[in-house]
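A.B. asks: fold the following, please.
(2 chains)
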Amino acid sequence: MNDICVKLEGICKSFGSVKANHNINFDVRRGEIHALLGENGSGKSTLMNILSGIYSPDSGSIELYGKPAVLTSPQDSIAAGIGMVHQHFKLVDVLTAKENIIGGNKDSGFFTGGRAMSAKIKQIEDQYGLHLDPDKKVYNMSVSEKQTCEILKVLYRGAKILILDEPTAVLTPQEITVLFDILRKMKAQGCSIVIITHKLAEVLEISDRVTILRKGESITTLDTTQTNATELTELMVGHPISLDIECAEVEDSLKHEILSVKELTVLNGEHRKALDSISFTLSSGEILGVAGIAGSGQKELCETIAGLDKVAGGDIIFKDSSIVGLTPRDIIKRGITMSFIPEDRLGMGLVGSMSVIDNVLLKSYQNMPGIFMNRKEGKQLADGIIKRFDISTPSANHTVKKLSGGNIQKVLLGREINLNPELLITAYPVRGLDIGASYNIYDVLNEQKKKGVGILFIGEDLDVLLGISDRIMVLHEGKVMGIVNARETNKQKLGLMMLGHTENEGGSSNA
Amino acid sequence: MLKIQKKQGVSQEFDALLRILSVVVALIAAGIVMAFLGYNPIELYQKMIKGALGTDFNRAATVRKCIPLLTMSLGVSIAFKMKFWNIGAEGQFYMGAFGATLVWMLCPDLPIYVMLPLMALAAIVSGGLFALIPAILKHKLGTSETLVTLMLNYIAIKWITYLSLGPWKDPGEGGQAKIYAFTENARLPEVFGVHIGWIVALILVVAVYILMRFSKFGFEIAVLGENPDTARYAGMNVTKTLIIAVLLSGGICGLAGMLQATGSEGRLGDNISAGLGFTAIITAWLAKLSAPMILVSSFLFAVLLQGGSSLGALTNIPASVAETIQGIILFFVLASEFFTNYKIVFKRKEAKK
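C.D. replies: Residues are numbered from 1 along each chain as shown, chains lettered A, B, ... in the order given. Prediction:
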């Protein structure tokens, strides 16, 4: 069959004792969109890194257009017409789109060239319906513009096979629609696209075929039209699973206002308003979801309540008294805990190179008597959390960063919950987790909610936010676009608010 | 084709083996160089070992070299653990020695059991305060502590030079620029033929080990070094931790200066550190900032240094040969770090059928 442009057979790749890819078979046809579906750690990225020449397989064969190929470096792959858009963009911030696009390009010679390059970029843009000002600096770009820039970069290098790693993770629903239109246009012009994702809806919407990976092995390849979400989940997880996220019911007697944020303004490092006069309340036994494009003020919101950022204006009232100006230590003592999970998961809250015990002790060691660390008590504490939250680790002495993502998350969340907080701030608690582990975390949060804990849940997946929250607050550039009942809204409305339309604007004009 | 790959995890045994192996390979490589220079390497090594450990006199000399090296290594290790790159051990050493000497200059007639503790205290305070300058500059203005501590070294050394040329110059030394020699009440007593600095240094090994390994403060230093955001988030007082840790780091280096001046040298001078403040960075690093391992690495380096200098003194081999050997050993040991983190794999370019 000469319409098969990529054929991977029996691909194996191990890192130390971990078999990231084991005997994987995968092929891509010309002019198709092929989804690669699998949970975190199932080997999707490893496989695509092999195809883009970043890793070499331990064994197995790669065929491109029916001919055996050896890809030992990204240059080999680029030469073979394979381009990868990574999840974390690889752009130089201070340069323009154009400079990023032609950078690293072998045949561009010594000079970056001027009009000829712009013309070629323009032509590619027209061909595929992309829109990007080639002279715009990367640091001025929105996330979706950066992505467009990455796509332009690989197209400019003549890629006919595009690999997109989790391209929708950072986009709003509207931006996803635009991206999918572009992908369809590329497909129509004969490009092959591999899209890595773990979102089922997207697989069903965009792809022609889907290959499911599980624990480093390829389970099967299906025609998208022949399958459905339930079947895909089952194949991906390995057993049937309910996809509904519970929003726990809480008795009204448990509900009373515990947090009231009034016209809070916070400045960021550049003295710009990271939070602009935002107001909201949160009651006990409630989950308030916070939606917004990355960088809309979520981080500052968390950090300000936790006492890490300075308040420039407004007030934060926790249980009838202001907590503005208190040290993080005092705020912890009052029963507020915050767990912010940044992209690398270890950024704030955990120390990767330390043991589970030391990490568990981070929040409580100061309350222990004497000048020495009581690691015996710490071990008991850690063992308790390990048991309660079913954390799989060889021992409590194990280094945290060597645990899997889900277990790292559970150490963090477990420690916070173990402190019996009254207000739990959690940002991206399921980031990077597989489905099973995510549901585990949702259960834990719901359990806390039932106990009367007020939860501020900063999320990125709108389906999850809609499922778990009682109300959802949408942030855009540090402003509150609206606070809506999670049962009375939908993804489209939230998406518009995330883009800067207020609740009642209806999306007719851009703010 | 060669490819470099990152390793996943390395066992401690492997790590230790690699380090030992790297020293062996370094000795072989240095031997080859010496053979080219026309010396018999085995004979040279024998002479070096004899020069460092052969006689009581040599052993004492080795220990005397080890004391300041070990003390300063412990000092910088505290700052390093916090990822505060204090490469100013030299400067803190000299300022410590200066502070101690100042006490003696101001009240020269104190009895020895008052004089020495007072001098030690003055040394710790001066060294600590001197280290605080870069810490405050970093905290307030965001300057690089690496550069500032380095530059302050030269200021401290030149300050001592100035003292020896003018204000504190001992006229009794004729034309030589030497500072007054300490009187007996300001000299460290000897135990087993070496001044008691060695006991102080050993106590410090234990103290630093306990501090860093078991105390809350050591925990805070480690968290702050690994992840300042997490430290703040956990409610630690970051500024306080930074200041105390730096005071401690500089203070210990300052104490090393006092031990050296009052123990080995008998007077303050602008060359009494013999550059050991820089070597201390290496020994601390090779020991992975663990106090017991610092004891080992400092001792081995003292052997190397003493062996090398006796080589120059006892034979017609220039001292630069010894320095070459030291350099080669360092090079190999440091390069071995690479192999603890990476491995090199061989790949064939052809397609596998």
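A.B. asks: so what's B:Gly197 up against?
C.D. replies: By Cβ atoms under 8 Å, 6 or more residues apart in numbering or on different chains, the contact set of B:Gly197 is B:Arg64, B:Ile67, B:Pro68, B:Thr71, B:Leu188, B:Leu259, B:Gln260, B:Gly263, B:Ser264. C-betas here are computed from N, CA, C, even on glycine.
A.B. asks: make that A:Lys479, sorry
C.D. replies: Residues near A:Lys479 by Cβ under 8 Å, 6+ apart: A:Asp276, A:Ser277, A:Ile278, A:Gly297.
A.B. asks: looks to me like A:Ile332 is in a strand.
C.D. replies: No: residue state for A:Ile332 (DSSP: H, G, I helix; E, B strand; the rest coil) corresponds to helix; a strand is not indicated.
A.B. asks: what does the stretch 201-350 of chain B put close to chain A?
C.D. replies: B:214-219, B:222-223, B:226-227, B:229-230, B:232-237, B:347, B:349-350 (Cβ under 8 Å from any Cβ of the partner chain).
A.B. asks: out of those, which are inside strands?
C.D. replies: When DSSP state E is applied, these are split such that none fall in strands.
A.B. asks: tell me which of those residues fall in helices.
C.D. replies: Among those, the residues falling in helices (DSSP state H) are B:Phe214, B:Lys216, B:Phe217, B:Gly218, B:Phe219, B:Ala222, B:Val223, B:Glu226, B:Asp229, B:Thr230, B:Arg232, B:Tyr233.
A.B. asks: quick one: low-confidence ranges for the chain?
C.D. replies: Because you didn't say which chain, this covers chain A. Low-confidence segments of chain A (pLDDT under 70): A:1-2, A:104-114, A:241-243, A:338-347, A:432, A:503-511.
A.B. asks: sorry, should have said chain B
C.D. replies: For chain B (pLDDT under 70), the answer is B:1-12, B:319, B:341, B:343-353.
A.B. asks: tell me, how many residues neighbour residue 299?
C.D. replies: Because you didn't say which chain, this covers chain A. Neighbourhood size, A:Lys299 [other Cβ atoms under 10 Å in any protein chain shown]: 20.
A.B. asks: let's do chain B instead
C.D. replies: Neighbours of B:Phe299 (other Cβ under 10 Å): 17.
A.B. asks: which helices and strands does the host helix or strand of it pack with?
C.D. replies: Assigned by DSSP states H and E, B:Phe299 belongs to helix B:291-314. Applying 3 or more Cβ pairs under 8 Å, 6 or more residues apart in numbering or on different chains; DSSP states H and E, one finds that helix B:291-314 contacts helix B:41-53, helix B:56-81, helix B:197-214, helix B:276-286, helix B:319-341.
A.B. asks: does chain A sit close to the longest helix belonging to chain B?
C.D. replies: Ordering each helix of chain B by length in residues (DSSP H) puts helix B:112-141 first. No: judged by Cβ under 8 Å from any Cβ, helix B:112-141 and chain A are separated, with a smallest distance of 15.5 Å.
A.B. asks: quick check on the closest residue to A:Lys199 other than its chain neighbours: phi, psi?
C.D. replies: Excluding the flanking residues, the one nearest A:Lys199 by Cβ to Cβ, 6 or more residues apart in numbering or on different chains is A:Thr168, at 6.6 Å. Main-chain dihedrals, A:Thr168, degrees, to the nearest 10: phi -90, psi -10.
A.B. asks: again with A:Ile62
C.D. replies: Given degrees, to the nearest 10, the pair of backbone angles that A:Ile62 has is phi -120, psi 130.
A.B. asks: just A:Ile4 next, same as before
C.D. replies: Torsion angles, degrees, to the nearest 10, at A:Ile4: phi -90, psi 120.
A.B. asks: check contacts around it.
C.D. replies: Per Cβ under 8 Å, 6+ apart, neighbours of A:Ile4: A:Asp27, A:Val28, A:Arg29, A:Arg30, A:Gly66.
A.B. asks: I'd say A:Glu175 and A:Ser144 touch.
C.D. replies: Yes: A:Glu175 is within contact range of A:Ser144, at 4.4 Å (criterion: Cβ atoms under 8 Å).
A.B. asks: give me every residue in chain A lying close to chain B.
C.D. replies: By Cβ under 8 Å from any Cβ, the residues of chain A that approach chain B are A:15-18, A:56, A:59, A:61, A:68-70, A:72, A:306, A:308, A:327-329, A:331-332, A:338, A:340, A:346-354, A:358, A:361-363, A:365-366, A:368, A:371-373, A:402.
A.B. asks: go with 7 Å
C.D. replies: A:15-16, A:56, A:61, A:68, A:70, A:72, A:306, A:308, A:327-329, A:332, A:347-351, A:353, A:358, A:362-363, A:365-366, A:371-373, A:402 (Cβ under 7 Å from any Cβ of the partner chain).
A.B. asks: quick one: which of those sit in helices?
C.D. replies: Short answer: these in helices (DSSP H) are A:Pro328, A:Arg329, A:Ile332, A:Asp358.
A.B. asks: mind giving me the domain ranges of chain A?
C.D. replies: Following automatic domain parsing, one finds the domains of chain A at A:4-237, A:252-498.
A.B. asks: start and end of the first one, how far apart?
C.D. replies: Taking Cα to Cα, to the nearest Å, the first and last residues of domain A:4-237 lie 28 Å apart.
A.B. asks: what's the spacing between the residue nearest to A:Lys199 and chain B?
C.D. replies: According to Cβ to the nearest Cβ, to the nearest Å, A:Thr168 and chain B sit 28 Å apart.
A.B. asks: could you do A:Ile441 as well?
C.D. replies: Taking Cβ to the nearest Cβ, one finds A:Ile441 at 20 Å from chain B.
A.B. asks: name the nearest residue to the spatially most central residue of chain B, ignoring sequence neighbours.
C.D. replies: The centroid of chain B falls nearest to B:Ala280 when counting by Cα atoms, centre = their mean (1.9 Å). In space, and not counting its chain neighbours, B:Ala280 is closest to B:Met72: 3.6 Å by Cβ to Cβ, 6+ apart.
A.B. asks: which residues touch the one you found?
C.D. replies: B:Met72 makes contact with B:Ala89, B:Phe93, B:Cys253, B:Ala256, B:Leu276, B:Gly277, B:Ala280, according to Cβ atoms under 7 Å, 6 or more residues apart in numbering or on different chains.
A.B. asks: likewise B:Gly277?
C.D. replies: Applying Cβ under 7 Å, 6+ apart, we find B:Gly277 in contact with B:Met72, B:Ala89, B:Glu90, B:Phe93.
A.B. asks: make it 8 Å
C.D. replies: Residues in contact with B:Gly277 (Cβ under 8 Å, 6+ apart) are B:Met72, B:Gly88, B:Ala89, B:Glu90, B:Gly91, B:Gln92, B:Phe93, B:Asn153, B:Cys253.
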